[in-house]
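Chemist: okay, here's the prediction I keep looking at, along with the sequence it came from:
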Amino acid sequence: MALEHLTKESFKVKVFNFETNKEWKFEGQRPAIIDFYADWCGPCKIVAPVLEELKEEYGDKIDIFKVNTEEEREISAMFGIQSIPSLLFVPVNGQPQMAMGALPKETFRKAIGDVLKVN
């Protein structure tokens, strides 16, 4: 299952409209994970299939998006992305939380439960 890549325009509709809101306001209907990556990044290639497996496991309970930091510099800058992969866990209510590095699948599962409140 291919994960959806967000552009600036789709990011504003599905995640956060940073042009109209100063404060964080999630636009999505389901909790989300956003994978900030680049094509040249080795650890990002490790995370990619894990995210695809998680999407299959959780199905419609969560959305998983990818943001190419090389192409979408404005979004990356807004979140202060310094290293990749960086993974943003976005609950429907409350503040998103960032994690860095190639996380193992169990760590993703724990964050999906703890941060996104999805089991």
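Modeler: Received it, and whenever you're ready, just let me know what you need. Numbers count the residues shown, from 1 in each chain.
Chemist: contact partners for the closest residue to residue 115 other than its chain neighbours?
Modeler: Residue nearest to residue 115 in three dimensions, not counting chain neighbours: residue 89, with 4.3 Å by Cβ to Cβ, 6 or more residues apart in numbering. Every C-beta, even on glycine, is put in place using the N, C-alpha and C of the backbone. Each residue near residue 89 by Cβ atoms under 8 Å, 6 or more residues apart in numbering is listed here: 31-33, 96-99, 111-112, 115-116.
Chemist: got it, and residue 19?
Modeler: Counting by Cβ under 8 Å, 6+ apart, the residues that residue 19 touches are residue 12.
Chemist: now it: how far from residue 57?
Modeler: When distance is defined by Cβ to Cβ, to the nearest Å, residue 19 is 34 Å away from residue 57.
Chemist: with residue 6 instead?
Modeler: Plainly put, residue 6 is 21 Å away from residue 57 if you go by Cβ to Cβ.
Chemist: if you count surrounding residues, which of the two has more?
Modeler: residue 6 (21 against 13; other Cβ atoms under 10 Å).
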